[in-house]
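# have a look at this fold, sequence not included:
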């Protein structure tokens, strides 16, 4: 069983591990699992561009840049606030810690969105058009 590390949690992924010694039965089951995986792939490839409003168009490098800049700005705001709160060397008040946590959450969500968009392109769910030189 594999694991995938995300920013906040670990999620387990099940992988095919044959329990039957019959090779014919194992091939049959693998075939079914490949059909299931392909169905999920096709569904993602059809649904994701529509939901994102792309239709038949491509994901552009500018979309990645916008998400990267937003995540970088959010990270900078989060760290700048942490530095500001600790400037005087006093304990951080609970309401300040809550605000700091909210800033961190914004950064983490934007960072995860960037990674999610990248995975959609990597897996072929979204067509990608590189910038022309």
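Looks like it came in fine. Please read all numbers here as calculations on a predicted model, not as lab measurements.
# going forward, measure contacts and count neighbours with C-alpha atoms only.
Noted.
# what's the distance between the residue positioned nearest the centre of the chain and residue 46?
Geometric centre of the chain, nearest residue: residue 116, 2.8 Å, by CA atoms, centre = their mean. According to CA to CA, to the nearest Å, residue 116 and residue 46 sit 16 Å apart.
# and residue 110, by the same measure?
Counting by CA to CA - residue 110 and residue 46 are separated by 24 Å.
# among these two, which residue is more densely surrounded?
residue 110 (20 against 15; other CA atoms under 10 Å).
# contacting residues for the more buried one?
67, 70-71, 74 (CA atoms under 8 Å, 6 or more residues apart in numbering).
# switch to 7 Å and redo it
Counting by CA atoms under 7 Å, 6 or more residues apart in numbering, residue 110 makes contact with 67, 70-71.
# now those as a markdown table including secondary structure, neighbour count and pLDDT?
Formatted as a markdown table, these follow (DSSP: H, G, I helix; E, B strand; the rest coil; neighbours: other CA atoms under 10 Å; pLDDT from 0 to 100):
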| residue | secondary structure | neighbour count | pLDDT |
| --- | --- | --- | --- |
| 67 | helix | 18 | 95 |
| 70 | helix | 17 | 98 |
| 71 | helix | 21 | 98 |
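# in TSV: these, plus distance to residue 26.
Output for those, formatted as TSV (distance: CA to CA, whole Å):
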residue	distance to residue 26
67	43
70	47
71	45
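# just name the closest of the residues you listed to residue 52, please.
The nearest member of those to residue 52, counting by CA to CA, is residue 67 at 14.3 Å.
# any idea how far the closest one lies from residue 58?
Distance from residue 67 to residue 58, by CA to CA: 16 Å.
# since we're on residue 94, how many residues are nearby?
9.
# state the pLDDT value of it.
Note for residue 94: predicted pLDDT of 95.
# got it, and the one 4 residues further on?
Predicted confidence (pLDDT) for residue 98: 97.
# okay, and it sits in which element?
helix 94-122 (DSSP states H and E).
# off-centre distance for that helix?
11 Å (CA atoms, centre = their mean, to the nearest Å).
# what of stretch 27-40?
With CA atoms, centre = their mean, you get 24 Å for stretch 27-40.
# list the contacts of residue 71.
By CA under 7 Å, 6+ apart, the neighbours of residue 71 are 107, 110-111.
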